[in-house]
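Novice: Here is a sequence with its predicted model. Questions after.
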Amino acid sequence: MTVKEDILFETSGRTGVVTLSKPETLNAVTDAMLTALNQQLDHWEADVAIERVLIKAVPGRAFSAGGDIRHLYDRGIAKDYDFDFFAREYVLNARINKFPKPYIALIDGIVMGGGVGVSFHGSHRIAGDNIAFAMPEVGIGFFPDVGASFLLSCLPGKIGLFLGLTGERVKQSDAIWCGLASHGCTSADLPALEKLLCEIQDIEAAIDKYHQRFLLTLEEPGPLERCEHWINNHFDKASVAEIQNSLKQATAFEGDEASWAGKILDILLQKSPTSLEVAFRQITRGRDLDINQCMKMEYRILRRILTGREFYEGIRAAIIDKDRAPKWQPDNLLQVDAKDIEAHFQKLGAQELVLS
């Protein structure tokens, strides 16, 4: 076994196994972890004895709950922006998506931000009972990155846009239903599945065996699936303002849809208006882009976000002062300048993200 910072590497049979191993930080992704994983993938890609890669986390609350946002806050406040961290992360995300060998993620627990980037771009994404996927970045003045413009735009209907704008959590049955996860497995069976994946030649048969066992435990559709019609109705609009207006109109009636619409409207009204507008455009445009184009787009957005204000105000409210009362500027959609939003997407010239 090789130990590098907070990530472990070992081989088992013909499988290269990656373990995120710092549960006390919820396995938050660090620069050292990204570098180590990228270097190990170099080795395993070239090693003909390794036929597949499997990534998991030590048992705990999280698979990986994002990245070290306090570090990014401190660097940004000092105007020493850590663009290089994101460049390395985005390059790795795109690499995982195109990795020439099966890349199997066993995902149990909270998975957000950077954790999404090292798992959900894999060829096989297996959700355990405790999975809780979310991209809540617009709530801290950021945007859904690590390839979310690719991942979310591939989901059916307006599900991806809904998840990107609201930051709502997705549990196991819904993750599989909408295609975020390719398969399910009960958490109790994950160790046995891992062992079988390291022994058996036919990984599809191994995964399907436990997926079929999981399906026998399903009793009813998840909340996301049950709300699919409402989501597609209210989020199939030309702007964030139209989405909010549609939800507001629905609250004038009585019933389950009105109650749901009121809850979702309240959630959207708490988000950064700037981040909502950016996320709306990136996810909408992502549908027509490949993974490399999405990563380049996200890097353009990232450089503008880090040199702006909203992200630092969002972090201040969430983890510095912890008052949970960010003062967004502007604080409503009517005051957001479309030209300012579009500037986030402009090319960077010599600073463009370089992808192989």
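Specialist: Okay, I see it.
Novice: Which pLDDT does the model give the residue most central in space within the chain?
Specialist: Centroid-nearest residue in the chain: Val116, 4.0 Å away (criterion: C-alpha atoms, centre = their mean). Note on Val116: pLDDT of 98.
Novice: and Ile126, what are its bridge partners?
Specialist: As for beta bridges, Ile126 partners with Leu106, His183 under DSSP bridges.
Novice: quick one: it from Lys22, how far?
Specialist: As judged by C-beta to C-beta, to the nearest Å, Ile126 and Lys22 stand 22 Å apart. No exception for glycine: its C-beta is placed from N, CA and C like everyone else's.
Novice: neighbour-wise, which of these two wins?
Specialist: Set side by side, Ile126 and Lys22 show more neighbours around Ile126, with 28 against 18, by other C-beta atoms under 10 Å.
Novice: Could you double-check that the more buried one lies in contact with Leu180?
Specialist: No - counting by C-beta atoms under 8 Å, Ile126 does not reach Leu180; the two are 11.3 Å apart.
Novice: For stretch 180-190, which outside residues touch it?
Specialist: With contact meaning C-beta atoms under 8 Å, 6 or more residues apart in numbering, stretch 180-190 is reached by 56, 106-108, 120, 123-131, 133, 151, 155, 170, 172-173, 175-176, 193, 207-208, 210-211, 213-215, 217.
Novice: Pull the distance from that stretch to the chain's centre.
Specialist: Mean-position distance between stretch 180-190 and its chain equals 18 Å (C-alpha atoms, centre = their mean, to the nearest Å).
Novice: List the buried residues in that stretch.
Specialist: For stretch 180-190, a neighbour-count test (16 or more other C-beta atoms under 10 Å) marks Leu180, Ala181, Ser182, His183, Gly184, Cys185, Thr186, Ser187, Asp189, Leu190 as buried.
Novice: Which two among these are spaced furthest apart?
Specialist: The span of the buried residues of stretch 180-190, defined through C-beta to C-beta, is set by Leu180 and Asp189 at 19.6 Å.
Novice: any chance of the buried residues of stretch 180-190 in TSV, with pLDDT and distance to Leu289 too?
Specialist: Putting the buried residues of stretch 180-190 into TSV (pLDDT from 0 to 100; distance: C-beta to C-beta, whole Å) gives the following:
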residue	pLDDT	distance to Leu289
Leu180	98	19
Ala181	98	22
Ser182	98	21
His183	98	26
Gly184	97	29
Cys185	97	31
Thr186	96	36
Ser187	96	35
Asp189	97	36
Leu190	97	33
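Novice: Sort out which one of these lies nearest Ile96 for me.
Specialist: Nearest to Ile96, judged by C-beta to C-beta, of these is Ser182 at 14.0 Å.
Novice: How much space separates the closest one from His121?
Specialist: According to C-beta to C-beta, Ser182 and His121 sit 12 Å apart.
Novice: and this structure, what are its domains?
Specialist: In the domain annotation for the chain, the residue ranges read 2-134+172-215, 223-351 (automatic domain parsing).
Novice: which stretch among those comes nearest Pro144?
Specialist: Between the domains of the chain, domain 223-351 lies closest to Pro144; by C-beta to C-beta that is 5.7 Å.
Novice: Quick one: classify Val111 as helix, strand or coil.
Specialist: strand (DSSP: H, G, I helix; E, B strand; the rest coil).
Novice: Which secondary structure element of the protein has the lowest mean pLDDT?
Specialist: Within the chain, no helix or strand scores below strand 2-4, which has a mean of 59 by mean pLDDT, DSSP states H and E.
Novice: List phi and psi for the residue lying closest to Val116 once chain neighbours are set aside.
Specialist: In space, Val116 comes closest to Val146 once its chain neighbours are excluded; the distance is 5.4 Å by C-beta to C-beta, 6 or more residues apart in numbering. The phi/psi pair for Val146 (degrees, to the nearest 10) reads phi 50, psi 40.
Novice: Distance-wise, check Val146 relative to Phe120.
Specialist: Using C-beta to C-beta, Val146 is found at 8 Å from Phe120.
Novice: cool, and Leu276?
Specialist: Using C-beta to C-beta, we find Leu276 at a distance of 22 Å from Phe120.
Novice: coming back round to it: buried among the contacts of stretch 180-190? Make that a ChimeraX selection.
Specialist: This is how ChimeraX selects the buried members of these, with burial counted by 16+ other C-beta under 10 Å:
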select :56,106,107,108,120,123,124,125,126,127,128,129,130,131,133,151,155,170,172,173,175,176,193,207,210,211,214
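Novice: Filter the contacts of stretch 180-190 down to the ones in helices?
Specialist: Among the contacts of stretch 180-190, DSSP state H puts 151, 172-173, 175-176, 193, 207-208, 210-211, 213-215 in helices.
Novice: Which one of these is nearest to Thr15?
Specialist: The shortest gap between Thr15 and any of the ones in helices among the contacts of stretch 180-190 belongs to Leu193, at 11.9 Å (C-beta to C-beta).
Novice: Restricting to C-alpha, output stretch 230-242 in CSV.
Specialist: Output of stretch 230-242 as CSV, limited to C-alpha atoms (Å, rounded to 0.1, in the frame of the first residue of the first chain):
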residue,chain,number,x,y,z
TRP,A,230,-43.4,19.8,-11.4
ILE,A,231,-39.6,20.3,-12.0
ASN,A,232,-39.9,20.0,-15.7
ASN,A,233,-42.9,22.4,-15.8
HIS,A,234,-41.4,25.2,-13.6
PHE,A,235,-37.8,25.0,-14.6
ASP,A,236,-38.3,24.7,-18.4
LYS,A,237,-38.0,28.5,-18.7
ALA,A,238,-35.8,31.0,-20.5
SER,A,239,-34.4,32.6,-17.4
VAL,A,240,-34.1,32.3,-13.6
ALA,A,241,-36.6,35.1,-13.2
GLU,A,242,-39.2,33.2,-15.2
